[in-house]
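Undergrad: Here is my input; please provide its structure:
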Amino acid sequence: MDELKLILGTKFMRSIVTKIIAKAIFKKTGYHVGIDLHEITAETVNGKVHLHMNVGAVINTDDLVNIIKSNDLI
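TA: The predicted structure follows:
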C-alpha cells in the first residue's frame, strides 16, 4: 500500500495555492473569485488522491446568478 500525505499549513504556501486556483478559475470562467484557503490536506493511497479543503470564497451576486443560469440550475 503506497501512501503519501501532504498538508499545507503555512500561510505562505496556502497563499501560493490560492493564487493558482484563482487564476485557473478566472481563465476557465472569466469570473474573479476571492478565495481564502484555511486548510488543505492531500493523501495518496493506492494511486487515488483524497483531497480535503476548508475554503471560503467571495463572488459578486451578479456573477453568481450568471453562473447558476448558464448551468441551468434556475
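
Undergrad: what is the rounded mean pLDDT of the longest helix along the chain?
TA: Determined from DSSP state H, the single longest helix within the chain is helix 11-29. Here the mean pLDDT over helix 11-29 is 88, rounded to a whole number.

Undergrad: do the same with stretch 35-49
TA: Average pLDDT, stretch 35-49: 85.

Undergrad: hmm, who's touching that stretch?
TA: With CB atoms under 8 Å, 6 or more residues apart in numbering as the test, stretch 35-49 has contacts from 1-9, 14, 17-18, 21-22, 25, 50-58. Yep, even glycine has a C-beta here, placed from its N, CA and C like the rest.

Undergrad: quick one: contacts for Phe26?
TA: Going by CB under 8 Å, 6+ apart, the list of residues near Phe26 reads His32, Val33.

Undergrad: Relative to Val45, how far out is the residue nearest the centre of the chain?
TA: For the chain, the residue whose C-alpha lies nearest the mean C-alpha position (CA atoms, centre = their mean) is Ile21; its distance is 5.6 Å. Applying CB to CB, to the nearest Å, the value for Ile21 to Val45 is 23 Å.

Undergrad: what's the answer for Leu51, then?
TA: When CB to CB is applied, the distance between Leu51 and Val45 equals 12 Å.

Undergrad: Enumerate every residue touching the residue nearest to the centre of the chain.
TA: Ile35, Leu37.

Undergrad: what do you get for Asn60?
TA: Asn60 makes contacts with His32, as judged by CB under 8 Å, 6+ apart.

Undergrad: any idea how far it is from Ile35?
TA: For Asn60, the distance to Ile35 under the criterion CB to CB works out to 14 Å.

Undergrad: Would you mark the buried spots in the longest helix of the chain?
TA: Burial within helix 11-29, assessed by neighbour count using 16 or more other CB atoms under 10 Å, is assigned to Arg14, Thr18, Ile21, Ile25.
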